[in-house]
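J.: Turn this into a model:
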Amino acid sequence: MAYKQSNSPSAFTIVELLVVVVVIGILAAISLVAYSGISSKAITSSIKSDVAQAYKQLEMLKTTSGSDIYPADLNAQ
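T.: Numbering: from 1, shown residues only. Modelled structure (predicted):
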C-alpha cells in the first residue's frame with residue numbers, strides 16, 4: 001500500500017511553538033509591569049483623596065465651632 005505524501009505540513013514544528021510561547025511570555029511580562037504601575041498610582045490617588053477629605057472635615061469642624069484654631073480632640077467639641 002502506497003502512502004501519499006502531502007507538501008503542506010499538517011502540524012506545528014517545535015520552533016513555531018517555542019516562538020509562540022516566547023511571545024506570550026513577553027506580552028505577559030509587559031502587562032504585569034503596566035498593571036503594577038497603574039495599581040501604585042491608584043493607591044496614591046486614593047490616599048491623596050482621603051487626606052483632602054479629612055482636611056475638609058477639619059475645616060468644617062473649625063468653622064462650625066466658631067474657633068480660629070483646630071480642636072485638640074475631635075470628641076471634645
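
J.: quick one, helices of the protein?
T.: Assigned by DSSP state H, the helices in the chain fall at 14-65.

J.: Quick check, pLDDT for the spatially most central residue of the chain.
T.: Residue closest to the average C-alpha location in the chain (CA atoms, centre = their mean): residue 39, at 2.7 Å. Note on residue 39: pLDDT of 87.

J.: So what's the residue count around residue 25?
T.: Other residues lying near residue 25 total 10 when counted by other CB atoms under 10 Å. C-betas here are computed from N, CA, C, even on glycine.

J.: Now do it against residue 31, distance only.
T.: According to CB to CB, to the nearest Å, residue 25 and residue 31 sit 11 Å apart.

J.: What separation do you get for residue 28 and residue 12?
T.: Applying CB to CB to residue 28 and residue 12 gives a distance of 20 Å.

J.: my bad, should have said residue 27
T.: From residue 27 over to residue 12 (counting by CB to CB), the distance is 19 Å.

J.: same thing with residue 22?
T.: The gap separating residue 22 from residue 12 is 14 Å, by CB to CB.

J.: now do residue 19
T.: 10 Å.

J.: Likewise for residue 48?
T.: Taking CB to CB, one finds residue 48 at 51 Å from residue 12.

J.: and if you look at residue 60?
T.: Residue 60 sits at a distance of 67 Å from residue 12 (criterion: CB to CB).

J.: Kindly report the same for residue 57.
T.: 63 Å.

J.: what pLDDT does residue 57 get?
T.: pLDDT, residue 57: 90.

J.: Share the number of residues neighbouring it, please.
T.: A count of neighbours around residue 57, defined by other CB under 10 Å, yields 11.

J.: and it, what does it touch?
T.: If a contact means CB atoms under 8 Å, 6 or more residues apart in numbering, then residue 57 has no contacts.

J.: Can I get stretch 31-38 as CSV, trimmed to CA atoms?
T.: In CSV, the C-alpha atoms belonging to stretch 31-38 read as follows (Å, rounded to 0.1, in the frame of the first residue of the first chain):
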residue,chain,number,x,y,z
SER,A,31,1.2,43.7,31.1
LEU,A,32,2.4,42.8,34.7
VAL,A,33,4.7,45.8,34.7
ALA,A,34,2.0,48.1,33.4
TYR,A,35,-0.5,46.7,36.0
SER,A,36,1.8,47.3,38.9
GLY,A,37,2.4,50.9,37.8
ILE,A,38,-1.4,51.6,37.5
